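Novice: Please find the sequence and the predicted model below.
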Amino acid sequence: MKKRYSNGKTTAKAHSIKNMPSLGLDALILGGRAVIIYFLVLVMVRLMGKREVGQLSPFDFVVGVMIGSVAALPMEDAQLPFLPALVPILVLTGLEILMSTLAMHNSKIRMLIEDKPTVIISDGEIIKENMTQVRMNIDDLKQELRKSSIVDINEVEEGTLERCGTFTVIKKKEHQPLTQTDLQTTTLHNLDQVTGAYALKARTNLESLLSARGRRRPVSTEICVAHTVGTGTLSKTSASCS
């Protein structure tokens, strides 16, 4: 009995020692495959376009997940033939590039793949039918409005669920932040009012001064107040101003 146990233990030990070179070779093979697949997938992603994850359509996202799943298979099993395992990756990438190219030039294919934007809010009113169509509930809508710093839904001119799944908001004009053009227009308008007031005050002072000296002729024949918008300059001329 002891002899049999001893022989079994010796046999198992010899078998494990015999398999050690095989395990090291498998690890080397899997490591080499990982490096090759890494650079291959990197090239495929570059070929598919420079779009962020948030900008991918559902079709693009599903294809990306499929490519990742297929690419993982030859890195998990060293006994799996390597070159045949690359064929699905190349085929899926080729289909993705082909469909994206066709979608750029054909609106029907683009609608089939990416659908169309859906208006959820119009002029401060929620379109419930469109919410039901895209399976969006009121809590999801409130969350998207908070992301856009919207406190009151009446501030919204249009809220749209885009093809890639992001929610965009256009505020009404009266609730939009001031632009540089608005500031310049407001400044010029205020400056016009200020210079006009100074010109009127100067004319009034001159009339009072001349009246105090006993001159009864109209001031317009003696003086011309030139009002230049933005400068506020006053110029004295002769009777040519009359």
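Specialist: Noted; the coordinates are in hand. Numbering: from 1, shown residues only.
Novice: where do the strands sit along the chain?
Specialist: 118-122, 125-126, 156-161, 167-171 (DSSP state E).
Novice: So which of those strands is the most surrounded?
Specialist: By mean neighbour count, with neighbours taken as mean count of other CB atoms under 10 Å, strand 156-161 ranks first of those at a mean of 20. Just so you know, the C-beta spots here come from the backbone N, C-alpha and C atoms, and that holds for glycine as well.
Novice: Quick check: can you name the pairing partners of it and their directions?
Specialist: Strand 156-161 has the following strand partners under DSSP bridges: strand 118-122 (antiparallel), strand 167-171 (antiparallel).
Novice: Give me the residues contacting it.
Specialist: The contact list for strand 156-161 (CB atoms under 8 Å, 6 or more residues apart in numbering) reads 117-124, 134, 136, 141, 144-145, 150, 167-173.
Novice: So which of the strands of the chain is nearest residue 111?
Specialist: In terms of CB to CB, the element of these nearest to residue 111 is strand 118-122, at 12.6 Å.
Novice: contacting residues for the nearest residue to residue 63 once chain neighbours are set aside?
Specialist: Counting by CB to CB, 6 or more residues apart in numbering, residue 63 lies nearest to residue 96, which is 4.9 Å off, once chain neighbours are set aside. When contacts are counted by CB under 8 Å, 6+ apart, residue 96 touches 48, 60, 63.
Novice: let's go with 10 Å and repeat that
Specialist: Shown in contact with residue 96 (CB atoms under 10 Å, 6 or more residues apart in numbering): 44, 47-49, 59-60, 63-64, 66-67.
Novice: Ok, residue 27 next?
Specialist: Each residue near residue 27 by CB under 10 Å, 6+ apart is listed here: residue 78.
Novice: And residue 167, how far from residue 37?
Specialist: Residue 167 is 36 Å from residue 37, where distance means CB to CB, to the nearest Å.
Novice: next one: residue 144
Specialist: 38 Å.
Novice: what's the residue lying closest to residue 144 once chain neighbours are set aside in contact with, if anything?
Specialist: With sequence-adjacent residues excluded and distances taken as CB to CB, 6+ apart, residue 144 is closest to residue 167, at 3.8 Å. Contacts here follow CB under 10 Å, 6+ apart; on that basis residue 167 touches 120-121, 136, 140-141, 143-145, 147-148, 159-161.
Novice: got it, and residue 77?
Specialist: Residue 77 neighbours (CB under 10 Å, 6+ apart): 26, 29-30, 33, 85.
Novice: A ChimeraX selection for the residues you listed, restricted to the buried ones, would help me check which they are.
Specialist: This is how ChimeraX selects the buried members of the contacts of residue 77, with burial counted by 16 or more other CB atoms under 10 Å:
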select :29,33,85
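Novice: how about TSV for the contacts of residue 77, with pLDDT and distance to residue 155 added?
Specialist: Below are the contacts of residue 77 laid out as TSV (pLDDT from 0 to 100; distance: CB to CB, whole Å):
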residue	pLDDT	distance to residue 155
26	80	62
29	86	61
30	86	56
33	88	55
85	86	54
